[in-house]
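1. Return atomic coordinates for the entry below.
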Amino acid sequence: MGNHHNHNHHTVEGKNLLFSIVLNLVITIAQVIGGLISGSLALLSDALHNFSDVLSLVFSFFAHKLSKKKASVNQTFGYKRAELIAAFVNAITLIIVALFLVYGAIERFFNPQHIESELVIWLSILGIVVNGLSAFMLKNDADNNLNMKSAYLHLFTDMLASVAVLVGGLLMKYLQWFWVDSVLTLVIALYLLVVGFDLLKKSTQMLMLFTPTHIDVNTIINEVHKITGVNKLHHIHVWHLNDDELHLEAHLECQEDLKVSEFNTILQQIEHVLFNKFQINHINIQPEYNREEESKDIIVQD
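-> Here you go, the predicted model:
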């Protein structure tokens with residue numbers, strides 16, 4: 001069986017995540033106290049969202065550390081999928097928090113309360129600074145890692161929520177529009193639902209070993225079949241182990257009864273095509289010649 005590994009990893013900075021955890025813990029405590037004193041549901045909502053972020057960031061941090069552990073005979077892939085589990089859980093927490101905020105916003109909308117807007121304004125500014133800085137530190141990692149993207153989305157939506165709370169605080173202070181508090185909370189919640197469901201969809205697809213959306217299996221087959229000596233590629237599976245590793249395993253029916261050294265030449269060409277055209281960096285090919293099988297379909301559920 002041919003086996004090929006081609007890594008092009010992006011180094012994720014776990015220390016940035018740890019610093020974000022500390023910052024968000026501080027802002028969460030401040031917003032809870034401020035929300036209780038001021039009576040602002042939007043501020044308490046932002047605090048609740050921040051608290052969920054602290055938990056999610058802690059989970060992401062430990063998942064990131066686990067993913068770096070070396071493989072063993074008992075864990076042959078190591079803990080590389082830990083970050084996918086973290087992203088999945090973080091997506092669920094985003095959705096749960098959003099639904100809670102929707103309920104609170106609707107209830108408060110029909111029962112508006114006087115709010116100490118001055119405190120809301122200053123704490124929202126603090127939230128913008130803290131969450132903005134945290135999101136900025138994770139932005140580069142988020143572009144290359146789904147777990148870090150889940151953490152980044154938590155922080156970025158927190159920053160947007162704080163901006164909305166600031167606007168609401170100013171409207172309440174100068175126009176006495178206390179109903180704005182409920183409207184802003186609802187807007188924050190709806191945004192969380194959108195990003196939460198998108199992240200949940202992507203992490204679920206990876207955990208279920210679905211073929212990545214940018215991969216067309218038929219196109220892969222057409223490209224491989226152009227290589228001299230190849231008869232038929234079948235029994236194909238393509239999946240993400242994590243954000244860095246895209247795997248393909250398949251059976252390859254050869255046109256002739258080849259020596260191992262001759263098959264290696266074909267394998268190298270296949271590796272080149274799959275990596276350069278599809279970014280597949282882990283390839284396992286089982287060579288065959290006139291082998292009788294019940295099925296030689298493209299996709300076979302083993």
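2. residues touching the closest residue to N218 other than its chain neighbours, list them.
-> Spatial nearest neighbour of N218, excluding adjacent residues (C-beta to C-beta, 6 or more residues apart in numbering): I298 at 7.7 Å. In this view, the C-beta of every residue, glycine as well, is placed from N, C-alpha and C. Taking C-beta atoms under 8 Å, 6 or more residues apart in numbering as the contact definition, I298 lies against 217-218, 221, 233-234, 236.
3. Buried ones among these?
-> 217, 221, 233-234, 236 (16 or more other C-beta atoms under 10 Å).
4. Am I right that P287 sits in a strand?
-> Yes - if the criterion is DSSP: H, G, I helix; E, B strand; the rest coil, then P287 is within a strand.
5. so how many other residues sit close to it?
-> By the measure other C-beta atoms under 10 Å, the count of residues near P287 is 18.
6. repeat for D53
-> Neighbours around D53, by other C-beta under 10 Å: 29.
7. roughly how far is the host helix or strand of it from the heart of the chain?
-> Using DSSP states H and E, D53 falls within helix 41-67. With C-alpha atoms, centre = their mean, to the nearest Å as the basis, helix 41-67 stands 14 Å off its chain's centre.
8. Following element in sequence after it, please.
-> Next element after helix 41-67 (DSSP H and E): helix 82-110.
9. who does that next one touch, helix- and strand-wise?
-> Applying 3 or more C-beta pairs under 8 Å, 6 or more residues apart in numbering; DSSP states H and E, one finds that helix 82-110 makes contact with helix 41-67, helix 146-175, helix 180-207.
10. which one of these lies closest to L274?
-> L274 lies closest, by C-beta to C-beta, to one member of the helices and strands packed on helix 82-110: helix 180-207, at 18.9 Å.
11. what angle separates the closest one from helix 82-110?
-> 160 degrees (axes from the mean of the first three to the mean of the last three C-alpha atoms, to 10 degrees).
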